[in-house]
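A.B. asks: I would like the atomic coordinates for the input below:
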Amino acid sequence: MASSPMTSSSQSPRPTRPNLAFRRLRGQRSPGEFAAAVRRAAREIDEQVSCDARYIGRVEAGEIRCPNYAYERVFLHMFPGRTLTDLGFVPRSAVRGRGARTFEEAPDPHTTSPMYAPHETDGAYEPYDTTYGSHEPNDRYDPHSIDDQNHEESDVQRRAFMSGGTATVAAASLGPIGLAFSGAAVAADRSVRRAGEAEAGALEEAVRKIRLLDDRHGADGLYRRASAPLRAAYALLDAGAARQATAERLHTGAGELAISVGWLAHDSGRFEDARSHYAEALATARVAGDPALEAHAFCNTSFLARDAGRPREAVRAAQAAQFAARPLGSARLLSLLSLREAGGWAGLADRRGCEQALTRAQALYGRGPCDADPEWMSFYGDAELAGLEAQCWSTLGDWSRAAHQARRATRLQDPHFTRNLALYTAELADDLARAGHPDEAAAAGLRVLDLLDEVQSSRVQTMLAGTARVLLPHRRASGVSDFLERHGALPRPA
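C.D. replies: Numbers count the residues shown, from 1 in each chain. Alright, predicted model coming up:
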């Protein structure tokens with residue numbers, strides 16, 4: 001097997017040995033169920049990992065000889081009293097790369113140093129991981145592992161994407177809402193070397209970082225910073241890849257990144273920018289013959305069309321997404337796409353069409369998760385199902401039913417995802433206000449205002465502004481004047 005162009009070692013990779021100890025610890029749980037347990041354990045100790053079934057499979061196959069420090073802390077929390085060796089991993093000191101540290105010397109998980117920010121990969125110190133070249137937790141290239149080909153601690157791979165001759169991305173330090181870019185430049189005037197596994201892995205990790213930051217903080221502070229990695233991603237495509245498998249990963253990664261940047265534009269009210277990014281992702285999917293990426297691009301296009309007041313386009317895009325997604329085998333994906341269709345029908349004031357799509361969405365959701373569910377759908381759970389249904393009823397003017405579902409969404413939402421909690425609570429406040437419950441609406445609105453220090457989302461702020469207008473005639477009701485006063489004191493967007 002040829003080594004990566006970024007690999008500093010000239011030795012051949014060792015054959016992997018299955019990690020039977022780790023497999024025994026999983027027990028009767030499926031890889032997906034065990035990955036969910038890992039993510040829950042990470043939240044318990046305030047770590048951030050994007051573990052999924054593929055990552056667990058790679059650990060059990062022996063491809064990940066030693067996890068990074070974030071995963072190490074999580075695994076040792078899950079299995080107290082055991083060491084990495086007990087879990088079937090190779091000792092860190094036995095793995096090559098930049099000087100290995102003991103667990104006691106590992107960076108503090110809560111450090112504010114940009115070099116060791118508390119993200120999923122040690123060294124992931126930029127918002128969309130501009131250290132392109134060392135991060136991919138679940139696929140063939142894995143920065144969460146340390147092996148002979150891919151060293152988590154390797155300075156060479158930390159900067160593989162930056163110095164690979166394709167693109168240069170400069171990073172800054174921690175910003176008030178997370179990690180921030182200071183700038184980026186594509187080195188088009190350089191001699192370009194073809195992209196390899198390192199670049200593909202880093203591109204995939206960049207997508208994960210954007211999603212993680214958006215889940216926690218909303219889109220407004222992220223969108224402008226996200227254009228640099230997107231330009232770099234398409235520069236990688238122009239450079240080409242030596243292997244077809246790597247080229248496919250680059251196409252998928254660039255398309256997913258275009259969707260993520262499009263979503264940041266969408267959620268911050270830049271609809272035309274979002275439409276352009278989604279179209280770019282759709283074109284990439286068509287060129288690559290990637291039905292999963294195509295379904296995702298159409299899914300977001302449908303959502304955007306609904307928000308932009310083009311409900312018929314929302315229906316058509318959702319139906320196109322379902323057509324692309326059917327062969328993929330994910331009932332949960334089809335459920336979400338049915339909800340997108342329902343939102344379009346609601347916008348057309350077609351209650352029957354909306355109800356039929358909602359019924360289909362609920363039935364598909366009831367089939368449960370499976371290994372075929374896309375990684376980007378991690379946000380889609382009970383709370384999101386209720387929240388999207390609330391939006392449908394709200395569009396149809398059934399405020400009481402909308403408020404019921406929005407309240408369910410707020411109760412079901414994991415508070416770890418601050419942005420969604422703010423969104424569902426804002427939906428609840430608006431529905432209650434329009435349903436004739438100004439006091440309850442004001443209380444919900446005040447809860448949203450409490451979250452705005454952490455969340456920057458034009459969508460949430462627009463919803464609050466609408467609620468405030470509805471509540472103006474009720475300012476004498478309990479709590480309403482407090483809400484209106486606090487809302488009026490919010491800084492206005494530039």
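A.B. asks: For this structure, which segments are assigned as strands?
C.D. replies: Secondary structure of the chain (DSSP state E): strands located at 168-175, 178-185.
A.B. asks: Residue 318 and residue 344, how far apart?
C.D. replies: Separation of residue 318 from residue 344 (C-beta to C-beta, to the nearest Å): 6 Å. Using the backbone N, CA and C atoms, a C-beta is placed for each residue, glycine as well.
A.B. asks: any common contacting residues for those two?
C.D. replies: The overlap between the contact sets of residue 318 and residue 344 (C-beta atoms under 8 Å, 6 or more residues apart in numbering) consists of residue 302.
A.B. asks: helices and strands of this protein: which one bottoms out on pLDDT?
C.D. replies: Within the chain, no helix or strand scores below strand 168-175, which has a mean of 28 by mean pLDDT, DSSP states H and E.
A.B. asks: Where does pLDDT dip in the stretch 51-200 of the chain?
C.D. replies: For the stretch 51-200 of the chain, applying pLDDT under 70 flags the ranges 92-197.
A.B. asks: quick one: low-confidence ranges for the stretch 301-450 of the chain?
C.D. replies: For the stretch 301-450 of the chain, no stretch is flagged by pLDDT under 70.
A.B. asks: 90 instead, please
C.D. replies: 371, 375-379, 414-420 (pLDDT under 90).
A.B. asks: Helices of that one, start to end?
C.D. replies: Using DSSP state H, counting those that start in this stretch, the helices of the stretch 301-450 of the chain run over 311-325, 331-347, 351-365, 382-395, 399-412, 418-434, 438-451.
A.B. asks: got the ones you listed as TSV, with mean neighbour count columns?
C.D. replies: Listed next are the helices of the stretch 301-450 of the chain as TSV, based on neighbours: other C-beta atoms under 10 Å:
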stretch	mean neighbour count
helix 311-325	21
helix 331-347	26
helix 351-365	17
helix 382-395	22
helix 399-412	20
helix 418-434	26
helix 438-451	22
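A.B. asks: What's the local residue count around residue 378?
C.D. replies: For residue 378, the count of nearby residues is 17 (other C-beta atoms under 10 Å).
A.B. asks: The nearest residue to residue 396 once chain neighbours are set aside and residue 283, how far apart?
C.D. replies: Leaving aside its chain neighbours, residue 396 sits nearest to residue 346 (5.1 Å; criterion: C-beta to C-beta, 6 or more residues apart in numbering). As for residue 346, its distance to residue 283 is 29 Å (criterion: C-beta to C-beta).
A.B. asks: ok, now how distant is the closest residue to residue 50 other than its chain neighbours from residue 464?
C.D. replies: Of all residues not flanking residue 50 in the chain, residue 208 sits nearest, at 5.0 Å (C-beta to C-beta, 6+ apart). Distance of residue 208 to residue 464, given as C-beta to C-beta: 29 Å.
A.B. asks: Residue 452: neighbour count?
C.D. replies: If you count neighbours by other C-beta under 10 Å, residue 452 ends up with 17.
A.B. asks: Ramachandran angles for it?
C.D. replies: phi -70, psi -10 (degrees, to the nearest 10).
A.B. asks: distance of residue 72 from residue 488?
C.D. replies: In terms of C-beta to C-beta, residue 72 sits 49 Å off from residue 488.
A.B. asks: Which parts of the stretch 1-150 of the chain are helices?
C.D. replies: Counting by DSSP H, counting those that start in this stretch, the helices of the stretch 1-150 of the chain are 20-26, 31-44, 53-60, 69-78.
A.B. asks: Generate JSON lines for these, with mean neighbour count and distance to residue 313 as supplementary columns.
C.D. replies: As requested, those are exported to JSON lines (neighbours: other C-beta atoms under 10 Å; distance: least, C-beta to C-beta, whole Å):
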{"stretch": "helix 20-26", "mean neighbour count": "15", "distance to residue 313": "44"}
{"stretch": "helix 31-44", "mean neighbour count": "18", "distance to residue 313": "34"}
{"stretch": "helix 53-60", "mean neighbour count": "22", "distance to residue 313": "34"}
{"stretch": "helix 69-78", "mean neighbour count": "21", "distance to residue 313": "41"}
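A.B. asks: So which of those is nearest residue 404?
C.D. replies: Of all the helices of the stretch 1-150 of the chain, it is helix 31-44 that lies closest to residue 404, at 27.7 Å by C-beta to C-beta.
A.B. asks: Residues contacting that closest one, please?
C.D. replies: With C-beta under 8 Å, 6+ apart as the test, helix 31-44 has contacts from 26, 29, 48-57, 60, 70-71, 74-75, 77-78, 369-371, 373, 416.
A.B. asks: returning to that earlier point: nearest to residue 351, out of the helices of the stretch 1-150 of the chain?
C.D. replies: Comparing the helices of the stretch 1-150 of the chain by C-beta to C-beta, helix 31-44 comes nearest, at 36.0 Å.
A.B. asks: mean confidence for the closest one?
C.D. replies: Here helix 31-44 scores 87 as its mean pLDDT.
A.B. asks: Of the helices of the stretch 1-150 of the chain, which is nearest residue 426?
C.D. replies: Nearest to residue 426, of those and by C-beta to C-beta, is helix 31-44 at 23.6 Å.
A.B. asks: what about the helices in the stretch 151-300 of the chain?
C.D. replies: Along the stretch 151-300 of the chain, counting by DSSP H, counting those that start in this stretch, helices occupy 155-158, 160-163, 197-217, 227-239, 244-267, 271-288, 291-307.
A.B. asks: and the ones you listed as JSON lines, adding distance to residue 480?
C.D. replies: Below are the helices of the stretch 151-300 of the chain laid out as JSON lines (distance: least, C-beta to C-beta, whole Å):
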{"stretch": "helix 155-158", "distance to residue 480": "53"}
{"stretch": "helix 160-163", "distance to residue 480": "52"}
{"stretch": "helix 197-217", "distance to residue 480": "28"}
{"stretch": "helix 227-239", "distance to residue 480": "41"}
{"stretch": "helix 244-267", "distance to residue 480": "28"}
{"stretch": "helix 271-288", "distance to residue 480": "31"}
{"stretch": "helix 291-307", "distance to residue 480": "27"}
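A.B. asks: got these as CSV, with mean neighbour count and distance to residue 450 columns?
C.D. replies: Shown next, in CSV, are the helices of the stretch 151-300 of the chain (neighbours: other C-beta under 10 Å; distance: least, C-beta to C-beta, whole Å):
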stretch, mean neighbour count, distance to residue 450
helix 155-158, 22, 38
helix 160-163, 23, 39
helix 197-217, 26, 15
helix 227-239, 21, 31
helix 244-267, 24, 20
helix 271-288, 20, 28
helix 291-307, 25, 25
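A.B. asks: Share the number of residues neighbouring residue 18, please.
C.D. replies: Under the neighbour criterion other C-beta under 10 Å, residue 18 is assigned a count of 13.
A.B. asks: Spatially, what comes nearest to it if we skip its sequence neighbours?
C.D. replies: If the residues on either side of it in the chain are set aside, residue 18 comes closest to residue 62, at 5.0 Å by C-beta to C-beta, 6+ apart.
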